[in-house]
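K.L.:
How does the following fold in three dimensions:
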Amino acid sequence: MRTKLVSATALACALLGGALGTATQAGAHADDALIQYKEPDAMWVMPDLKGKVLFAAEQEVEADVENMPLTFNVVAPNHAPVYNLENWVVCGESPKAGAALSQTTKKITLLVERPGAEHCGA
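P.N.:
Numbering: from 1, shown residues only. The predicted model follows:
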């Protein structure tokens, strides 16, 4: 009698354990819809940079594209050299604000001027 009781208890535990194991595996995938997987060619949007200091503008673009490798082409009036990014303000941009940026975007062109100036870019 005792052997049958032990056998029945062991069988019940095995069945219950199997049911719990199956429920746990099914539950592991219940939140997959909440997980956001990055697409292979994820797209970002070019921010509006007009009126922003050049240093902050470049940082904003890099943050938006998650530090994807980009080349910044900075164009100042009369092709003046741009050494200090804090002394220039963005007055034009290409691609334009709101345009889609993707992994294929390699270069951003920013037209700059001195703060309070009237001439934008070259």
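
K.L.:
What separation do you get for the closest residue to Gly92 other than its chain neighbours and Ser94?
P.N.:
Spatial nearest neighbour of Gly92, excluding adjacent residues (Cβ to Cβ, 6 or more residues apart in numbering): Leu111 at 3.3 Å. Just so you know, the C-beta spots here come from the backbone N, C-alpha and C atoms, and that holds for glycine as well. Note on Leu111: its distance to Ser94, by Cβ to Cβ, to the nearest Å, is 8 Å.

K.L.:
Nearest residue to Glu62 in space, please, no chain neighbours.
P.N.:
Leu70 is the one closest to Glu62 (Cβ to Cβ, 6+ apart), at 7.0 Å.

K.L.:
Does that neighbour touch Lys106 like I think?
P.N.:
Yes - judged on Cβ atoms under 8 Å, Leu70 makes contact with Lys106 at a distance of 6.7 Å.

K.L.:
From the structure, what's the count of residues near Met108?
P.N.:
Careful, residue 108 is Ile and not Met. Counted with other Cβ atoms under 10 Å, residues neighbouring Ile108 total 21.

K.L.:
Just the buried residues of the helix or strand hosting it, please?
P.N.:
Here Ile108, judged by DSSP states H and E, is contained in strand 107-113. Of the residues in strand 107-113, 108, 110-113 count as buried by neighbour count, 16 or more other Cβ atoms under 10 Å.

K.L.:
just to revisit the earlier point, what sits opposite the residue nearest to Gly92 in the beta ladder?
P.N.:
Counting by DSSP bridges, Leu111 forms beta bridges with Val75, Gly92.

K.L.:
If anything else comes up later, I'll come back, but that's it for now.
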